[in-house]
Structure formats: structure tokens, C-alpha cells
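1. compute the structure for the input listed below.
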Amino acid sequence: MARLSTRSPTRFVLRTGDTWRDPYPMYRGLRDADPVHHVADGDFWFLSRFTDVFDAARDPATFSSARGLTVEPDQPGADMGDATPIVFLDPPEHTAFRRLVGSGFTPRQVTELEDDVRAFVAARLDNLVEGGGGDIVAELFKPLPSFVVAHYLGVPAEDRPRFDVWTDQIVAAATQGGTDTATDGIADLLGYFGELIERRRSQPGDDMVSHLVGLGEDEVSTMWVLGFAFTMVAGGNDTTTGLLGGSALLLAEHPDQRQLLVDDAGLIPDAIEEFLRLTSPVQNLARTTTRDVELHGRTIPAGSRVLLGYGSANRDDREFGPTSEDLDVERDIARILSFGYGTHHCLGAAAARLQGRVVLEELLARCPGFSVDSDAVRYATGNYVRRPVSLPFSPD
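-> Model (predicted):
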């Protein structure tokens with residue numbers, strides 16, 4: 001049914017920091033009145049409806065990743081030669097890279113991590129409970145993804161705090177147009193993993209770096225392994241933090257839905273899809289059109305940056321019905337865009353789901369009446385990933 005609106009036209013504005021608190025009225029206005037929205041200040045386009053974003057994500061021939069994933073002209077990581085990360089590749093190069101690394105991210109292999117993840121989560125929650133509360137992001141939601149990424153890459157525990165530094169530098173640069181700090185962060189990251197790769201040639205372990213090195217230089221160059229490590233560190237940390245922090249906020253804001261999960265923990269695995277849908281840690285990513293695109297009576301010219309609004313699309317009532325913006329832990333979800341779709345579907349999706357499930361199981365079992373101070377939550381700077389950097393937590 002066509003929608004008529006008497007509201008003033010909605011303008012898309014990139015969010016950062018505290019402005020991430022509630023971008024949803026903006027998304028709603030664009031979905032209803034201007035689904036193919038041109039942002040003159042920056043000269044890019046924003047797609048807000050589920051079907052449009054879904055179709056674009058599945059069409060890398062038209063919506064290319066090769067020129068970067070943000071609307072800024074400078075793209076940290078997009079021009080690293082043979083070390084260019086997989087997220088900046090289109091088929092067939094992307095297909096070849098994914099074939100080499102995809103075997104390490106099957107649900108079965110991810111499940112093998114569960115005991116270690118659960119022990120990590122339980123210990124951090126016990127610390128919070130014994131201390132009467134604290135910042136659950138700093139204590140659990142931020143270090144857990146780093147722990148998992150380090151496990152995959154075979155990084156010693158004493159080096160794991162360095163992941164957070166690199167992630168902050170690289171993500172901040174990618175979302176704000178490139179800085180000298182990002183250059184330093186990328187150089188430090190690549191230098192560290194260059195040394196790790198050489199060590200794994202003579203001392204292989206049960207990790208992805210060892211697996212890739214073991215394929216030999218003819219199959220996988222050192223630069224390819226560096227590109228993979230960059231992708232894991234830069235993309236595997238803050239996004240999962242966004243899921244975990246956003247889920248805790250939603251549970252605290254909807255005690256009736258939380259009680260359903262407390263009463264029946266068997267609902268949690270499917271409920272993770274609902275949390276992924278509503279939190280959409282990666283709110284937007286850009287593509288570049290390779291040809292003119294006609295959509296809803298508008299023409300997006302070839303060579304245009306197009307921002308795919310995952311966070312908006314995941315709340316589109318055309319896809320999810322009239323309660324699309326409400327939390328429903330029993331919702332039957334056929335598809336979501338939180339991990340992208342098609343060629344660039346996130347390699348770490350199963351690992352993120354595992355972390356989300358284990359955290360909710362342990363959190364609700366240990367602290368079924370927990371509370372968070374939603375007014376005091378602070379959000380990270382950057383225009384593409386919505387994640388809390390601080391969230392005060394009380395176990396009861």
C-alpha cells in the first residue's frame with residue numbers, strides 16, 4: 001500500500017557518538033518518503049528499504065566493493081596491493097580468497113570454541129557480580145570478541161590487548177576518512193602478523209594463520225595472509241561488541257521479553273536472530289555502482305557511492321510486518337541483513353552467533369534481574385558501526 005506523508009522531508013545524516021542513540025526515526029522517514037535518497041553534502045545515495053538493500057548486496061557486479069566501503073574518498077585498507085582485505089574484493093578475486101579461508105568458519109568448527117567462550121564469559125560475569133556491577137562493555141563485551149579473534153589467528157594471550165588499539169585506530173579511520181593514526185595502526189598490524197606468519201612456518205599451530213601458511217606460497221602469498229589478518233582484527237571486534245551491548249540494552253528495556261528467555265533458555269538461539277536484526281551493529285556500508293541504476297523512479301549514475309542501510313532495512317515493516325521495530329524474541333525470521341548477504345556474507349557470522357548465545361545464556365542464568373543505565377550508555381565515534389563503548393551494569 002502506498003504511503004502518504006505530510007511530514008517535512010527527512011534528510012540522511014551520518015551518525016557518530018551519541019547521535020547513534022536513536023537513528024530510527026530518520027530511517028523510518030526515508031523508507032516511507034524517499035527510499036532512494038541522494039545526500040548532496042557528500043554526493044552519495046542511501047538505500048533504506050529491505051528489498052532494495054537485499055538486492056544490492058547480492059549484486060556485486062553492479063554494486064562493487066573494490067573502491068571501498070565508506071562514502072569518504074580515502075579508504076584505509078582498500079589499496080594494500082596483494083594484502084587487500086577480502087571485504088574490498090569483488091568476484092572472482094573474492095571467490096578465490098573466500099574458498100581458502102571459509103573452511104575455518106563452519107558452524108561445527110565454531111562450536112568447538114564454545115567451552116572456552118563459556119569459561120571466559122562466566123569468569124567475567126563472576127567478576128561483575130562479586131564487584132556489585134561495573135562497566136559490562138569494558139569487562140566483557142569488548143574483550144570477548146578479541147579473545148575469539150585471537151584464538152582463530154593463534155595470537156598469544158599477552159598480545160591480545162594490542163588488537164583493541166589497532167581496531168580502534170583502523171575503524172575510526174575507515175569511518176572518518178583516513179588519518180595518520182590509521183596508517184600507523186595498519187603498519188603495526190601488518191608488521192606484527194608478518195612476524196607471526198614467519199613463526200608459524202616453523203612452529204605451526206591449530207589456527208587459521210597456520211592453516212593458510214601451510215598451503216604454501218604458491219597457493220597463498222604472505223600478503224594474502226596479512227590481508228586476512230587485517231580483516232579479522234578490523235571487522236571481528238567492534239561488530240560483536242555492538243551485538244552484545246545492544247542486546248543487553250534491549251533486554252533491560254523489555255522485561256517481558258527477557259522473562260520469556262529466563263523461563264525458557266531454549267528460545268535463546270532463535271532469539272539471537274531478533275537481536276541481530278534490531279541491533280544491526282554494521283548499520284551501513286557503501287558500494288560503488290558500475291552502471292546506471294534505475295530504482296523507484298530515480299537514476300543512480302554509474303560511479304556513485306551508494307550506502308546500503310542495513311540498520312534501516314532490518315526494521316522495514318514491508319519485510320517484518322507492523323511490529324518491525326519492536327522486540328519479539330519469538331519472531332519467525334526468514335532473512336536479515338546484519339551479516340550482509342550473498343558474496344560478502346560475513347565469514348564470522350557463526351562465531352558472532354555463538355558469542356551472542358553464550359553471553360545471553362550465562363547472563364540470564366546468573367543475573368536474571370540485571371539492570372543497565374541506558375541514559376549513561378556512550379556510543380563509539382564512527383559513521384558505520386553502532387556499538388556502545390561504555391554501559392553501566394548492575395547484576396540485580
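2. tell me where the stretch 101-250 of the chain has helices.
-> Assignment of helices within the stretch 101-250 of the chain using DSSP state H, counting those that start in this stretch yields the ranges 107-111, 114-130, 136, 143-153, 161-176, 180-202, 208-214, 222-235, 238-253.
3. now do the buried residues in the helix or strand harbouring residue 319.
-> Taking DSSP states H and E as the criterion, residue 319 maps to helix 317-320. For helix 317-320, the buried set under the neighbour-count rule, 16 or more other C-beta atoms under 10 Å, comprises 319-320. Yep, even glycine has a C-beta here, placed from its N, CA and C like the rest.
4. comparing the helices of the stretch 101-250 of the chain, which stretch has the densest surroundings?
-> Comparing these by mean neighbour count (mean count of other C-beta atoms under 10 Å), helix 136 ranks first with a mean of 27.
5. what sits closest to residue 268 if chain neighbours are left out?
-> Counting by C-beta to C-beta, 6 or more residues apart in numbering, residue 360 is the residue found nearest to residue 268 once chain neighbours are left out, at 5.1 Å.
6. tabulate the helices of the stretch 101-250 of the chain (a markdown table), appending distance to residue 337 and mean pLDDT.
-> Shown next, in a markdown table, are the helices of the stretch 101-250 of the chain (distance: least, C-beta to C-beta, whole Å; pLDDT from 0 to 100):
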| stretch | distance to residue 337 | mean pLDDT |
| --- | --- | --- |
| helix 107-111 | 20 | 67 |
| helix 114-130 | 25 | 97 |
| helix 136 | 27 | 98 |
| helix 143-153 | 20 | 88 |
| helix 161-176 | 19 | 66 |
| helix 180-202 | 27 | 80 |
| helix 208-214 | 26 | 86 |
| helix 222-235 | 16 | 80 |
| helix 238-253 | 13 | 96 |
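7. how about the one residue sitting closest to the centre of the chain, nearest residue that isn't a chain neighbour?
-> Taking C-alpha atoms, centre = their mean, the centroid of the chain lies closest to residue 239, which sits 3.3 Å from it. If the residues on either side of it in the chain are set aside, residue 239 comes closest to residue 281, at 4.4 Å by C-beta to C-beta, 6+ apart.
8. quick check: the one you found touching residue 236?
-> No - using C-beta atoms under 8 Å, residue 281 makes no contact with residue 236, being 11.4 Å away.
9. ok, back up a step: name the helices or strands packed onto the helix holding residue 319?
-> Packing contacts for helix 317-320, counted by 3 or more C-beta pairs under 8 Å, 6 or more residues apart in numbering; DSSP states H and E, involve helix 50-57.
10. next, count neighbours for residue 96.
-> 14 (other C-beta atoms under 10 Å).
11. shouldn't it be within a strand?
-> No - remark: residue 96 does not belong to a strand; assigned using DSSP: H, G, I helix; E, B strand; the rest coil, it is helix.
12. how about the strands in the stretch 201-350 of the chain?
-> Using DSSP state E, counting those that start in this stretch, the strands found in the stretch 201-350 of the chain span residues 284-289, 293-295, 298-300, 305-309.
13. want to throw these into CSV with distance to residue 129, mean pLDDT and mean neighbour count?
-> Output for these, formatted as CSV (distance: least, C-beta to C-beta, whole Å; pLDDT from 0 to 100; neighbours: other C-beta atoms under 10 Å):
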stretch, distance to residue 129, mean pLDDT, mean neighbour count
strand 284-289, 36, 95, 23
strand 293-295, 51, 98, 15
strand 298-300, 52, 98, 15
strand 305-309, 38, 97, 26
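14. with distance to residue 266 added, can I get those in CSV?
-> Below are the strands of the stretch 201-350 of the chain laid out as CSV (distance: least, C-beta to C-beta, whole Å):
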stretch, distance to residue 266
strand 284-289, 33
strand 293-295, 42
strand 298-300, 45
strand 305-309, 33
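15. still on that earlier bit, make sure the residue nearest to the centre of the chain is actually in contact with residue 282.
-> Yes - with contact defined as C-beta under 8 Å, residue 239 counts as touching residue 282 (5.8 Å).
16. who touches both of these two?
-> residue 385 (C-beta atoms under 8 Å, 6 or more residues apart in numbering).
17. got the buried residues for the helix or strand hosting the residue nearest to residue 268?
-> Per DSSP H and E: residue 360 is located in helix 349-366. Buried residues in helix 349-366, defined by neighbour count with 16+ other C-beta under 10 Å: 349-364.
18. now flag whichever of the residues you listed is closest to residue 261.
-> The shortest gap between residue 261 and any of those belongs to residue 364, at 5.7 Å (C-beta to C-beta).
19. and the gap between that closest one and residue 140?
-> Taking C-beta to C-beta, to the nearest Å as the measure, residue 364 falls 14 Å from residue 140.
20. go on, residue 374?
-> 17 Å.
21. between the two, who's got more neighbours?
-> residue 140 (26 against 15).
22. what's near enough to touch the nearest residue to the more buried one once chain neighbours are set aside?
-> Nearest residue to residue 140, sequence neighbours excluded (C-beta to C-beta, 6+ apart): residue 124, at 4.2 Å. Neighbour list for residue 124: 139-140, 143-144 [criterion: C-beta under 8 Å, 6+ apart].
23. quick check: pLDDT value at residue 29.
-> On the pLDDT scale, residue 29 is placed at 97.
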